[in-house]
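> how does the following fold in three dimensions:
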Amino acid sequence: MYLLKTEQTFDSAHFLSDYQGKCRNLHGHQWRVIVEICGKTLSTDTQTRDMLVDFGDLKHDLKTETDFFDHALIIEKGSLKPTTLTALQEENFKIVELPFRPTAERMASYFYTKMKSHGYTLRRVTVYETPKNCAIYEE
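Residues are numbered from 1 along each chain as shown. Okay, here's the model as predicted:
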């Protein structure tokens, strides 16, 4: 089995609705997303011969997905009061609303699904919220 791994980072804030701990307040992270893909055979195409995939393509696709969140506020749809959301939007803040609570676990699953939609065979996706804390998603 061949394995390839690449990573990207992005800076953003998030809000965890209904959470009662220290992280109940709006706060930010430098998120680190690590994608691991796998395969049993290497390409026979002239350009990518003896490669699982072109690293350039893999890096580009992950960067496209992570750049979507860069310098944004990530929230669960419906988690902010309408007046709060409107006020933030009127200030032209970049807000990304997701259909789930933006925890590291759910973000790992999100990036797994996104990279799979690019045609990759995923082994796992790891998302770090801090340098020492991460969530891993595998199927």
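> I'd say residue 11 and residue 29 touch.
Yes - at 7.4 Å, residue 11 counts as touching residue 29 under the criterion of CB atoms under 8 Å. C-beta coordinates here come from the backbone N, C-alpha and C atoms, glycine included.
> neighbour count winner among these two?
Neighbours per residue, other CB atoms under 10 Å: of residue 11 and residue 29, the larger number sits with residue 29, 19 against 12.
> partner strands of the host helix or strand of that one and their direction?
If you go by DSSP states H and E, residue 29 is part of strand 27-39. Sheet pairing here is set by DSSP bridges, and for strand 27-39 it gives strand 2-14 (antiparallel), strand 122-130 (antiparallel).
> now, of those, which is deepest in the fold?
Comparing the strands paired with strand 27-39 by mean neighbour count (mean count of other CB atoms under 10 Å), strand 122-130 ranks first with a mean of 19.
> what's in contact with the strand holding residue 29?
With contacts defined as CB atoms under 8 Å, 6 or more residues apart in numbering, strand 27-39 is touched by 1-14, 52-53, 58, 62, 65-66, 69, 107, 111, 115, 120-131, 134.
> on the three-state scheme, residue 86 is what?
Under DSSP: H, G, I helix; E, B strand; the rest coil, residue 86 falls in the helix class.
> quick check: the gap between the residue most central in space within the chain and residue 24.
The chain has residue 111 as the residue nearest its centroid, 4.4 Å off, counting by CA atoms, centre = their mean. Distance, residue 111 to residue 24, by CB to CB, to the nearest Å: 24 Å.
> check what pLDDT residue 92 gets.
Per-residue pLDDT puts residue 92 at 96.
> can you count the residues close to it?
Residue 92, neighbours per other CB under 10 Å, totals 7.
> also residue 50?
Residues contacting residue 50 under the criterion other CB under 10 Å number 8.
> sec struct for the nearest residue to it once chain neighbours are set aside, please.
Excluding its sequence neighbours, the residue lying closest to residue 50 (CB to CB, 6 or more residues apart in numbering) is residue 42, at 5.1 Å. Following three-state DSSP, residue 42 is assigned to coil.
> show the contacting residues for residue 42.
Contacts of residue 42 were listed using CB under 8 Å, 6+ apart, and they are 2, 49, 50, 51, 52.
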